[in-house]
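Enquirer: sequence first, predicted coordinates after that:
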Amino acid sequence: LLGHPREYVMQHAYLGPESSEVEMEQALRSFGASYQRYDDIAEQAADLLASGKIVGWFQDRMEFGPRALGNRSILADPRQEEIKDTLNRRIKHRESFRPFAPSVLEEYVDAYFEDAFASPFMQMVFKVRPEQRPKIPAIRHVDQTGRVQSVSKSVNPKFWRLIDAFRQRTGIPLLLNTSFNESEPIVCSPQDALHCFATTKIDALVLGNFLLSR
């Protein structure tokens, strides 16, 4: 209003704490389970997701705010309608009518959702285009909408890379994304993530470049 340049524009919500790779590996060793390290963890995680596995995804700085935005997320294949019941039964233990949200590559938002635009903070609801609805039943609410997170390669390259690797395998440029927790607050530390993995039935856990599978 005053004609002055804006000093700060919020581009992302990754403002919380993070853990080093050394700290992650120490937590894994203390946990006492076998694990593997991969240089390109997105490829391994995309294979698991495309085969129907539920993956806990823990990367970099924690999100600030009300949504899991791809750094402390539980991820699944949006093509499987039954995955909603599986998540509720095995992990989330919440009301069956509550929808799960899509995280979609920013470049494909308009191709999958009507009257849509970039929504990096998962706060906007858009209608799924009719021709796309049969492809992604797990993220459609009863009114055919999705609460969209658009994922930018420049803002979150690791999460973008994972979704793109999933796209290369399935043709679908989005993932089902829900917060990494059961009934407690969203996980913050590697120890939190390992505890949630141990007390739920998540199929695999990605901590940075480390993969822990059941």
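Expert: Now that the structure is in, tell me what you want to look at.

Enquirer: only C-alpha atoms for contact and neighbour calcs from this point on.
Expert: OK.

Enquirer: mind listing what the closest residue to Asp115 other than its chain neighbours touches?
Expert: Leaving aside its chain neighbours, Asp115 sits nearest to Phe126 (7.1 Å; criterion: CA to CA, 6 or more residues apart in numbering). Contact analysis of Phe126 by CA atoms under 8 Å, 6 or more residues apart in numbering lists Phe113, Glu114, Asp115, Ala116, Thr145, Gly146, Arg147, Val148.

Enquirer: least confident secondary structure element in this protein?
Expert: helix 83-87 (a mean of 95; mean pLDDT, DSSP states H and E).

Enquirer: which of the contacts of Phe126 sits closest to Thr86?
Expert: Among the contacts of Phe126, Gly146 lies closest to Thr86 (CA to CA), at 18.9 Å.

Enquirer: just give the number of residues close to the closest one.
Expert: Residue crowding around Gly146 was assessed by other CA atoms under 10 Å; the count is 23.

Enquirer: check contacts around it.
Expert: For Gly146, the contact set (CA under 8 Å, 6+ apart) comprises Pro99, Phe100, Ala101, Pro102, Val125, Phe126, Lys127, Val128, Ile139, Arg140.

Enquirer: could you rerun that using 7 Å?
Expert: Ala101, Pro102, Val125, Phe126, Lys127, Val128, Ile139, Arg140 (CA atoms under 7 Å, 6 or more residues apart in numbering).

Enquirer: show me which positions of the least confident helix or strand of the chain end up buried.
Expert: Ile83, Lys84, Asp85, Leu87 (16 or more other CA atoms under 10 Å).

Enquirer: ok, now stretch 15-27?
Expert: Within stretch 15-27, the residues that count as buried by 16+ other CA under 10 Å are Glu18, Ser19, Met24, Glu25, Ala27.

Enquirer: just the mean pLDDT for that stretch, thanks.
Expert: The predicted model assigns stretch 15-27 a mean pLDDT of 98.

Enquirer: report the distance from it to the chain centre.
Expert: Chain-centre distance of stretch 15-27: 18 Å, with CA atoms, centre = their mean, to the nearest Å.

Enquirer: neighbours of the closest residue to Asp85 other than its chain neighbours, how many?
Expert: Among residues not flanking Asp85 along the chain, Ser96 sits closest, at 7.1 Å (CA to CA, 6+ apart). When neighbours are defined as other CA under 10 Å, Ser96 has 11 of them.
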